[in-house]
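Colleague: One predicted model, sequence on top.
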Amino acid sequence: MKSITVEELEQQIEKDKAVILDIREPDNFNRGTVDGAVNVPLSDVKEYAAGIDKTSTVYVMCHTGDKSMDVVNSLTDAGFSAVNVAGGYRAWLRLKLSQTLSEDSFAKQKTADIERSIIKKFRKSIWRKFTKAIQEYELVKEGDKIAVCISGGKDSMLLAKLMQELKRHGQVPFELVFLVMNPGYNEDNWRIITDNAKLLGIPLTVFESDIFN
């Protein structure tokens, strides 16, 4: 079975030579994908493949690079030139985050844009409701030391940014720390969490636990 790294795939995209099938479910695809990819859920691959030119190379991607292996094998047996995207969309996301963070000025601007959007773009839907709850239930008092526990998901990351903005713009002085436990994540998952935190401007305090072991 042929495979390709996400770095090699990026080069193919730049040459405009990539036919990419993203076999994840539509809700995952709509949250993000590789430039130019076509969403063909696993159950629809066989029907979609009937219309593909067999002289074209088809790159198949799932979330981790595992399910796409079976699709590549099936397409190859059917006479197609098919290649698996090693690591899947997760590897692609990690590559894009690393590239963004390597461009320091761009990363800082991105962080600033995110912080500005909380106060402006999402002022009514998120920021006002958040500050109203803080005030109504007296959740933050002067001298408090507050820990935000980061799981790596969007909810905890958003809460961390909201607390940062409250500390910067609020009237009550308090301390703030961001805690994350690493229970033994694989390198890819852990890198995504730390890269996202860096891009968002969230300084992490990490506890290693190895619970998975």
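Modeller: Alright, I've got the coordinates.

Colleague: Kindly provide the distance from residue 157 to residue 69.
Modeller: Separation of residue 157 from residue 69 (C-beta to C-beta, to the nearest Å): 31 Å. Yep, even glycine has a C-beta here, placed from its N, CA and C like the rest.

Colleague: These two: which has the busier surroundings?
Modeller: residue 157 (21 against 16; other C-beta atoms under 10 Å).

Colleague: since we're on residue 57, how many residues are nearby?
Modeller: 14.

Colleague: Name the nearest residue to it, ignoring sequence neighbours.
Modeller: residue 81 (4.7 Å; C-beta to C-beta, 6 or more residues apart in numbering).

Colleague: got a list of what the one you found touches?
Modeller: Residue 81 makes contacts with 54-58, as judged by C-beta atoms under 8 Å, 6 or more residues apart in numbering.

Colleague: Just give me the closest of the residues you listed to residue 149.
Modeller: Distance to residue 149, by C-beta to C-beta, is smallest for residue 58 among these, at 42.5 Å.

Colleague: what about the closest one, neighbour count?
Modeller: Neighbour number of residue 58 under other C-beta under 10 Å is 21.

Colleague: what's the strand or helix carrying it packed up against?
Modeller: Using DSSP states H and E, residue 58 sits within strand 57-61. Applying 3 or more C-beta pairs under 8 Å, 6 or more residues apart in numbering; DSSP states H and E, one finds that strand 57-61 makes contact with strand 19-22, helix 67-77, strand 81-85, helix 88-102.

Colleague: go with 10 Å
Modeller: In terms of contacts (3 or more C-beta pairs under 10 Å, 6 or more residues apart in numbering; DSSP states H and E), strand 57-61 is packed against strand 3-4, helix 6-14, strand 19-22, helix 67-77, strand 81-85, helix 88-102.

Colleague: Which segments of this protein make up each domain?
Modeller: 3-94, 104-208 (automatic domain parsing).

Colleague: Identify the single longest strand in the protein, thanks.
Modeller: strand 175-182 (DSSP state E).

Colleague: While we're on the most centrally placed residue in the chain, how confident is the model there?
Modeller: Among the residues of the chain, the one closest to the centroid is residue 93, at 5.7 Å (C-alpha atoms, centre = their mean). If you check residue 93, the pLDDT there is 88.

Colleague: swap in residue 78?
Modeller: 91.

Colleague: And residue 157, by the same measure?
Modeller: 96.

Colleague: Same question for the one 5 residues further on.
Modeller: Residue 162 is assigned a pLDDT of 97 by the prediction.

Colleague: Excluding chain neighbours, give the residue nearest to it in space.
Modeller: Nearest one to residue 162, counting by C-beta to C-beta, 6+ apart, is residue 130 at 5.1 Å.

Colleague: surely that neighbour meets residue 140?
Modeller: No: judged on C-beta atoms under 10 Å, residue 130 makes no contact with residue 140 at a distance of 11.0 Å.

Colleague: residues shared between the contacts of these two?
Modeller: Common contacts of residue 130 and residue 140 (C-beta atoms under 10 Å, 6 or more residues apart in numbering): 163, 166.

Colleague: Tell me the buried residues in stretch 145-164?
Modeller: Of the residues in stretch 145-164, 148, 150, 152, 156-158, 160-164 count as buried by neighbour count, 16 or more other C-beta atoms under 10 Å.

Colleague: Could you tell me which of the residues you listed belong to strands?
Modeller: Reading strands off the buried residues of stretch 145-164 with DSSP E, I get 148, 150.
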